[in-house]
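# 3D model of this:
(chains A and B)
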Amino acid sequence: MSVEPDVCITCGDVAVALEVVSVDGNDAMCRAADGGTERVAVELVAPVAPGDRVLVHARVALEKLL
Amino acid sequence: MTADDTETPKAAAASTEASEASRGMKYVDEYRDPELARHLSRRIAERVDPGRHYKVMEVCGGHTHAIYRYGVQDYLPESIELVHGPGCPVCVIPMGRIDDATVLAEADPNMILTCFGDLMRVPGGRGSFLDARARGADIRVVYSPLDALRLAVENPDRHVMFYAIGFETTAPSTALTLQRAKAEGVTNFSVFCNHVTIIPAIKAILDSPDLRLDAFIGPGHVSTVIGNRPYEWIAREEGLPIVVAGFEPLDLLESVAMIIDQLADGRSVVENQYARVVRDEGNPVALAAIADTMTLRPWFEWRGLGSINHSALQVSARYADFDAELRYDVPGVRVADPKACQCGEVLKGVLKPWECKVFGTACTPETPIGTCMVSSEGACAAYYNFGKAARQRVELKVKATS
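So this is what the prediction gives:
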């Protein structure tokens, strides 16, 4: 996943919307707008399914997007 | 996309959802539309009281960054002043807490100290983590505390300490990591906890005699976790509007418009501009994970704001085996800020970044003296990178007010 290089992770403005591609237990492979994928912990927003959009910060999904 | 008198970013988002989703740009392009920005700018200008000066504080460092990056202030009337608050965790970390971790990492050659990238350049009394790494300490950047935990699993003969920092946006990732570490029986992992909480910081700002505020722009991603209700006292007891906002330029402009509407109508309530992400109740599962793994500290030292009661988190007794402050003899270093540094006044919104004596001269992002110049979300770094010496205000035709 690409993150704009001049932002700071600690505050959370790099929380980004990703799309769930597949779910594997407490983790999910998620895809960003640029096509990159990353493994994300999803137990804080469970259950999720492929196609759901989640807000991800520090490789942890914080919320499902409406 | 064209703007009309009734269109808002939310309406625009709905109208373009199908096409944007197919391009994967939902929630981005429609929140940066120049026509909508001008529309919101006109709406704000039409509702301001010509004889009034408005001070609106954005609490979150992410908002500060976005305001400078996109020139949001240029779309506002001169009478609306955006005041930058203390919501950058890197900026409020006292130098002594950097030194504490440096001491531990340098004393134990078996330790791998892990932290987010922004922390590497924060100056402590003994230099930064970058300096300590140059002296031989094993300090590594991670993108997530989960990466630090994986590093521990991959290096069973080393101890991995994660320097946890951040507001309630970041605390869930630390909480989740602690829960996984315990469930997996990892024994060579600990957390040096510096998580802080936003509400006591807002209270401290409101208690400051130096500053009079008219309203707050509430932190969007913190609110994803804690929800909107913890802010209700600001509206009820302080009589100040607060609008929880997203991070795109139109999010911020719409939030200011909502604030000006409240002030013009004589209202003070909590409103949620970022409803596409933030629920009123926040994320109860994330809050439960934080409550399981962390407890409130009696007090915590904030750079610029001093000691604030119940304003930070420590690892809970249930996770004592993972608490670096129990595992190690933390020295508890206290370091006074450099005399030339005025980060404290900047963090409280009393000084603008360019009003600091060393801004842009002795203190730059390459050689920061104060933390506000270190983090990209610090007000000084944001202004240094994106600010303009002379602002170029957007010219608008505004209806005469009655």
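# quick one: the strands in chain B?
If DSSP state E is used as the criterion, the strands of chain B fall at B:54-60, B:80-87, B:111-115, B:139-141, B:159-166, B:189-195, B:215-218, B:242-244, B:270-272, B:294-296, B:299-302, B:306-309, B:313-315.
# Determine how far the first one lies from the middle of the whole chain.
Meaning strand B:54-60. Offset of strand B:54-60 from its chain centre (C-alpha atoms, centre = their mean, to the nearest Å): 13 Å.
# same deal with the fifth one?
Centroid displacement of strand B:159-166 relative to its chain, using C-alpha atoms, centre = their mean, is 19 Å.
# Please name the strands paired to that strand in the sheet, noting orientation.
Its sheet considered, strand B:159-166 pairs with strand B:111-115 (parallel), strand B:189-195 (parallel) by DSSP bridges.
# Same list (the strands of chain B) but as CSV, adding distance to B:Asp321 and mean pLDDT.
(Glycine included, C-beta is placed from N, CA and C.) What follows is those, written out as CSV (distance: least, C-beta to C-beta, whole Å; pLDDT from 0 to 100):
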stretch, distance to B:Asp321, mean pLDDT
strand B:54-60, 33, 93
strand B:80-87, 32, 87
strand B:111-115, 16, 98
strand B:139-141, 22, 97
strand B:159-166, 12, 97
strand B:189-195, 8, 97
strand B:215-218, 36, 97
strand B:242-244, 37, 98
strand B:270-272, 39, 98
strand B:294-296, 14, 98
strand B:299-302, 23, 92
strand B:306-309, 27, 90
strand B:313-315, 9, 98
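# Dump those strands into CSV; add mean neighbour count as well.
CSV is the format used below for the strands of chain B (neighbours: other C-beta atoms under 10 Å in any protein chain shown):
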stretch, mean neighbour count
strand B:54-60, 25
strand B:80-87, 25
strand B:111-115, 24
strand B:139-141, 18
strand B:159-166, 26
strand B:189-195, 27
strand B:215-218, 28
strand B:242-244, 29
strand B:270-272, 22
strand B:294-296, 18
strand B:299-302, 20
strand B:306-309, 14
strand B:313-315, 23
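# So what's the residue count around B:Met338?
Residue B:338: Pro, not Met. As a burial measure, B:Pro338 scores 16 neighbours (other C-beta atoms under 10 Å in any protein chain shown).
# roughly how far apart are it and B:Ala107?
Look at B:Pro338 and B:Ala107: by C-beta to C-beta, to the nearest Å, they are 25 Å apart.
# In contact with residue 37, which residues?
Using chain A here. By C-beta atoms under 8 Å, 6 or more residues apart in numbering or on different chains, the contact list for A:Thr37 reads A:1, A:21, A:29-31.
# could you do chain B instead?
Taking C-beta under 8 Å, 6+ apart, we find B:Ala37 in contact with B:75, B:249-250, B:253, B:394.
# that older thread, closest to B:Arg126 among the contacts of A:Thr37?
Distance to B:Arg126 across the contacts of A:Thr37 (C-beta to C-beta) is lowest for A:Met1, with 34.4 Å.
# Local confidence estimate at the closest one?
Looking at A:Met1, its pLDDT reads 37.
# and what of A:Val14?
As predicted, A:Val14 sits at a pLDDT of 62.
# Same question for A:Thr10.
Per-residue pLDDT puts A:Thr10 at 48.
# Now render the strands paired with strand B:159-166 as a markdown table, adding distance to B:Arg32.
Output for the strands paired with strand B:159-166, formatted as a markdown table (distance: least, C-beta to C-beta, whole Å):
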| stretch | distance to B:Arg32 |
| --- | --- |
| strand B:111-115 | 32 |
| strand B:189-195 | 32 |
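# still on that earlier bit, B:Val330 is nearest to which of the strands of chain B?
With C-beta to C-beta as the criterion, B:Val330 lies closest to strand B:189-195 of those, at 7.9 Å.
# just how off-centre is stretch B:257-273 within its chain?
For stretch B:257-273, the distance from its own C-alpha centre to the chain's C-alpha centre is 22 Å (C-alpha atoms, centre = their mean).
# do stretch B:99-108 as well
Between the centre of stretch B:99-108 and the centre of its chain there are 26 Å (C-alpha atoms, centre = their mean).
# Let's test this: mean pLDDT of it, rounded?
On average, the pLDDT along stretch B:99-108 is 97.
# tell me which of the contacts of B:Ala37 is nearest to B:Arg150?
Distances from B:Arg150 to the contacts of B:Ala37, taken as C-beta to C-beta, are shortest for B:Pro249 (36.4 Å).
# thought that closest one was touching B:Tyr31?
Yes - with contact defined as C-beta atoms under 8 Å, B:Pro249 counts as touching B:Tyr31 (6.8 Å).
# Correct me if wrong: B:Val346 contacts B:Cys356.
Yes - counting by C-beta under 8 Å, B:Val346 touches B:Cys356, with 6.3 Å between them.
# okay, and the common contacts of the two?
B:370, B:380.
# what's near enough to touch B:Met161?
B:101, B:104-105, B:111-114, B:189-192, B:324.
# Now render these as CSV, adding distance to B:Pro368.
Shown next, in CSV, are the contacts of B:Met161 (distance: C-beta to C-beta, whole Å):
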residue, distance to B:Pro368
B:Ala101, 18
B:Leu104, 23
B:Ala105, 21
B:Met111, 26
B:Ile112, 25
B:Leu113, 20
B:Thr114, 22
B:Phe189, 30
B:Ser190, 28
B:Val191, 26
B:Phe192, 22
B:Ala324, 26
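# outside of stretch B:126-143, which residues touch it?
Residues from elsewhere that reach stretch B:126-143 (C-beta under 8 Å, 6+ apart): A:9, A:58-59, B:98-99, B:101-103, B:105-106, B:109, B:111-117, B:119-122, B:148, B:151, B:158, B:162.
# same thing but 7 Å
Here stretch B:126-143 makes contact (C-beta atoms under 7 Å, 6 or more residues apart in numbering or on different chains) with A:58-59, B:99, B:102, B:105-106, B:111-117, B:119-122, B:148.
# Please pick the buried ones from those residues.
Among the contacts of stretch B:126-143, those that count as buried by neighbour count (16 or more other C-beta atoms under 10 Å in any protein chain shown) are A:58-59, B:99, B:102, B:105-106, B:111-116, B:119-122, B:148.
# Tell me what A:Ala17 is bridged to.
On the basis of DSSP bridges, A:Ala17 takes part in beta bridges with A:Leu55.
# my read: it touches A:Ala61, true?
No - between A:Ala17 and A:Ala61 there is no contact under C-beta atoms under 7 Å: 10.3 Å.
# Spell out which residues are contacts of both of the two.
Common neighbours of A:Ala17 and A:Ala61 (criterion: C-beta under 7 Å, 6+ apart): A:Leu55.
# Which of those two has more residues huddled nearby?
Comparing A:Ala17 with A:Ala61 by other C-beta under 10 Å, the one with more neighbours is A:Ala61, at 30 against 19.
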